[in-house]
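> Sequence below, structure please.
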Amino acid sequence: MGSKGHVGLISLFLFLSFVIICKTSLFSFNIGGGRQAAVNLQTLVVSDFGNDSDQSNNIKWNAKFSRFAKPIDPNQENSPADPKACGVTYVEAKPLGLPQYIDAREKWSLGIKAQFTRKGYNWIEVYPVKGSAGSETAKQTVTIASNQTNISPGQPSVSEGGNVISPISLPGQIKSMDMWVWGGNYHYWMEFYLVDYKGYLNRLTAGDIDFVGWKNVALKIPDYVPQAEMHVPFLKSLSLQMIKLWSYPTERVDQFYCYFNYLQVQTDVYIERFNGDDLANKRW
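As a prediction, the model looks like this:
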C-alpha cells in the first residue's frame, strides 16, 4: 500500500476517533456536567376533579368566560355571565376504561357549560384555585369567576381563594400529559397553559374535542419548553395555570357542554444524588 493509502487510513482513524469522542461528550454527560442520570418514569395524577387527590391537595376549579358569554341582563353594559347558562360544577360521572384501582375511587367529574350571544372565537378558561375542605355537597358547587355567583342557587359556595389562579406544580420532568374529556360533538379545541421557571406561559394545543362521549386526550410536552438548567438544582418544574377551551366561529352559541376527568402526567422523577446535594435547595 502506498503512502497515500496510509495517509487515508490514518485520516479515517482520526475522524472516527473524533466522532466517538464527540458522541461521548454529548451523550454521556447531563446538563449538570456529571455522568448521564438514570431515568425513573412514572405516571402521576395531577387532578381527579373533585375526588381524593383534589380534596387532599385542596384544589377547586373555577371558570371564566369570554366577552360574549350570555349575560344576566342583556340591557346592562358589562353585565356578568348568567350562571344558569355559563358555569362549572361537579357531577357524578366517570368514563369507562379507567384502571380498576382508579375506578373504585372515582365519583366526580367536572362539568362545563356555556352559552354566548354571538359566533366567534369564544373561550372558557378553567383554572385551579385553593379552597378549604368542606362537605361532599359543597364540593359539587363551583363559582363563576366573572360574577362570584353559585352555579346552583341555594347550594353553598366553594370560593375560598377568590378568583386568584393557584397554579398546580407538576412533579418531575414532564414528558406528556393526558386527561379524560367528554365531548358533545361541539367544534371546540382545547389548550393547556403551562408556566416554566423563567415565568413564560407556554400555550400547548391538545387538539379538537369535536367527538362524542369520553375520550382520553393526550399531549406531548415539546422539547423547547424548559424544565432544567445548568446549575443546581437542575430540575425546574412546570406548573399548570389553566385549561382553555376555544370555539370555532362556525359553532353554535346557544349551548355547550363538556366534562373533565382524571388529569395525569407521565414524568421523570429521578433525582441525581451527589456529594453535598443537601445544599442544592438552600437559599440564604
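> Mind jotting down where the strands sit in the protein?
41-47, 59-65, 87-92, 108-113, 123-130, 168-169, 173-184, 188-195, 201-208, 212-220, 239-247, 257-268 (DSSP state E).
> Format these as TSV; extra columns: mean pLDDT and distance to Ile102.
Yep, even glycine has a C-beta here, placed from its N, CA and C like the rest. What follows is these, written out as TSV (pLDDT from 0 to 100; distance: least, C-beta to C-beta, whole Å):
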stretch	mean pLDDT	distance to Ile102
strand 41-47	94	8
strand 59-65	95	17
strand 87-92	96	16
strand 108-113	97	13
strand 123-130	96	20
strand 168-169	96	19
strand 173-184	97	10
strand 188-195	98	21
strand 201-208	96	21
strand 212-220	97	12
strand 239-247	97	20
strand 257-268	97	7
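> Can you say which of the ones you listed is nearest to Pro233?
Of all the strands of the chain, strand 173-184 sits nearest to Pro233, with 12.1 Å by C-beta to C-beta.
> buried stuff in that closest one?
Residues of strand 173-184 classed as buried: 173-174, 177-183 (neighbour count, 16 or more other C-beta atoms under 10 Å).
> ok, so of those residues, who is nearest His231?
Nearest to His231 among these is Gln173, at 15.9 Å by C-beta to C-beta.
> Contacts only, for the closest one.
For Gln173, the contacting residues are 227-228, 235, 267-269, by C-beta atoms under 8 Å, 6 or more residues apart in numbering.
> which non-adjacent residue is nearest Asp73?
Spatial nearest neighbour of Asp73, excluding adjacent residues (C-beta to C-beta, 6 or more residues apart in numbering): Ser79 at 4.5 Å.
> out of the contacts of Gln173, which is most surrounded?
Of all the contacts of Gln173, the highest neighbour tally under other C-beta atoms under 10 Å goes to Thr267, namely 24 neighbours.
> where's the nearest residue to that residue once chain neighbours are set aside relative to Leu238, distance?
Excluding the flanking residues, the one nearest Thr267 by C-beta to C-beta, 6+ apart is Gly172, at 3.7 Å. Per C-beta to C-beta, to the nearest Å, Gly172 is found 10 Å from Leu238.
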